[in-house]
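J.: Got a predicted model here, sequence first, then my questions.
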Amino acid sequence: MAETFTALMLHEGEDGKVAAQIEQVPLERLPDGDVTVDVEYSTLNYKDGLVLNGLGKLVRSYPHIPGVDFAGSVAESAHPDFQPGDTVVLNGWRVGELHWGGYATKARVKGDWLVRLPSTLSTRQAMAIGTAGYTAMLAVMALEDHGVLPDAGPVLVTGAAGGVGSVATAILAELGYQVAAVTGRPETEDYLKHLGASEIVPRAELAEAPKRPLDTERWAGCVDAVGGTMLARVLTQLKYRGSVAAVGLAGGNKLETTVIPFLLRGVNLLGIDSVMCPKPQREVAYERLSKELPLDKLAEMEVDAALADLPRLGGEILQGKVRGRVVVDVRA
């Protein structure tokens, strides 16, 4: 009998709707790649929610295994950098979209897409971090590169109770920044303060379009997971030579603003791409995460899940109902 692995498989119906079911999949159906991984954990991102619900035209062909992240140990390798038993993590590279992803107990990918885990991080912790946390670290690194250091002034984090926002808040606070966390959910305020936020900014304060090109200078920098109107408003409130690291579009992908903040205050809008980010930068990000992200706070962000929970959670994350980081044990 052919060897199989367990996967959450998506199928597209004749009506165009996508349905998910857990299946036993023959190992021979794994895609091409030079490294096969025994997946232990995956996670849930906003993009995964879109894929699980058949939105955004991210998946080109079905049946499909979603999951843009995974962590586990190498089972087989024809890649010179990896040997069986190595613990590895994968984020992005269109895995879970164009390529079969991490919502399965096996994955086969190009070894160039994998990052060896620092010895201080477990595979579970790697998925508590996931693309969201790795993106948060890339955002912090970009702000640092543009002079936004702890003594520059407060740094705003929008969508702070979400995956990227939670990790960004914890990292920035650990590094000594004064963190202002934006949330529209009063029940998350204590959670955000515990992560290190020194100020809570109600979402309503930034929800309206800017009335003038420049507002009072408030923020030295910002990690923005929302986009849209909120980003336009934040740009008017940046201090001189402040920067926004843009990581998401939960509030919309349109940006209606003026060039005035860029010309008169010299502000920077920094795009953070975690999907195709070069491997050396990924390795730096994970090394820093292993040292600068408080692992006790990371554990408190975690929400446990199994493959069977993902269809429900995929809808909830699109509705803004998921707090912190979902850790999916694909073997459960």
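T.: Thanks, I have it. Numbering: from 1, shown residues only.
J.: Name the residues that touch the host helix or strand of residue 241?
T.: Assessed by DSSP states H and E, residue 241 sits inside strand 238-246. Contact with strand 238-246 is made by 138-140, 142-143, 146-148, 152-153, 217-224, 227, 231, 234-235, 261, 265-272, as judged by CB atoms under 8 Å, 6 or more residues apart in numbering. C-beta coordinates here come from the backbone N, C-alpha and C atoms, glycine included.
J.: And the next helix or strand past that strand?
T.: Scanning forward in sequence from strand 238-246 by DSSP H and E, the next helix or strand is helix 260-264.
J.: tell me the centre residue of the chain?
T.: The structure's the chain has its C-alpha centroid closest to residue 132; by CA atoms, centre = their mean the separation is 1.8 Å.
J.: Now do the contacts for the residue nearest to it when sequence neighbours are not counted.
T.: Nearest-residue entry for residue 132: residue 163, 3.1 Å, with adjacent residues in sequence omitted and distances by CB to CB, 6 or more residues apart in numbering. Residues touching residue 163, when contacts are defined by CB under 8 Å, 6+ apart, comprise 43, 44, 45, 46, 130, 132, 133, 322, 324, 325, 326.
J.: partners of the last one in the sheet?
T.: Right, residue 326. residue 303 (DSSP bridges).
J.: Test my guess that it contacts residue 46.
T.: No - if you go by CB atoms under 8 Å, residue 326 and residue 46 don't touch, sitting 11.3 Å apart.
J.: shared neighbours of these two, anything?
T.: With contacts taken as CB under 8 Å, 6+ apart, residue 326 and residue 46 have 163, 317 as neighbours in common.
J.: of these two, who's got more company?
T.: Using other CB atoms under 10 Å, the more surrounded residue of residue 326 and residue 46 is residue 326, with 27 against 22.
J.: quick one: contacts for that one?
T.: Counting by CB under 8 Å, 6+ apart, residue 326 makes contact with 43, 44, 163, 302, 303, 305, 313, 317.
J.: 7 Å - rerun?
T.: Taking CB atoms under 7 Å, 6 or more residues apart in numbering, we find residue 326 in contact with 43, 44, 303, 305, 313.
J.: any idea which helix or strand carries the residue nearest to the centre of the chain?
T.: Using DSSP H and E, the element containing residue 132 is helix 123-145.
J.: can you pull the buried residues of that helix?
T.: Residues of helix 123-145 classed as buried: 123-143 (neighbour count, 16 or more other CB atoms under 10 Å).
J.: ok, now stretch 3-13?
T.: Buried residues in stretch 3-13, counting neighbours by 16+ other CB under 10 Å, are found at 5, 6, 7, 8, 9, 10.
J.: contacts for that stretch?
T.: Under the contact criterion CB under 7 Å, 6+ apart, stretch 3-13 has outside partners 18-27, 54, 62-66, 103-106, 307, 310.
J.: where along the stretch 51-200 of the chain do the strands fall?
T.: Residue ranges of the strands in the stretch 51-200 of the chain, as given by DSSP state E, counting those that start in this stretch, are 69-77, 87-91, 106-109, 115-116, 155-157, 179-183, 199-202.
J.: bridging residues for residue 89?
T.: Legend: beta-bridge partners of residue 89 under DSSP bridges are residue 71, residue 115.
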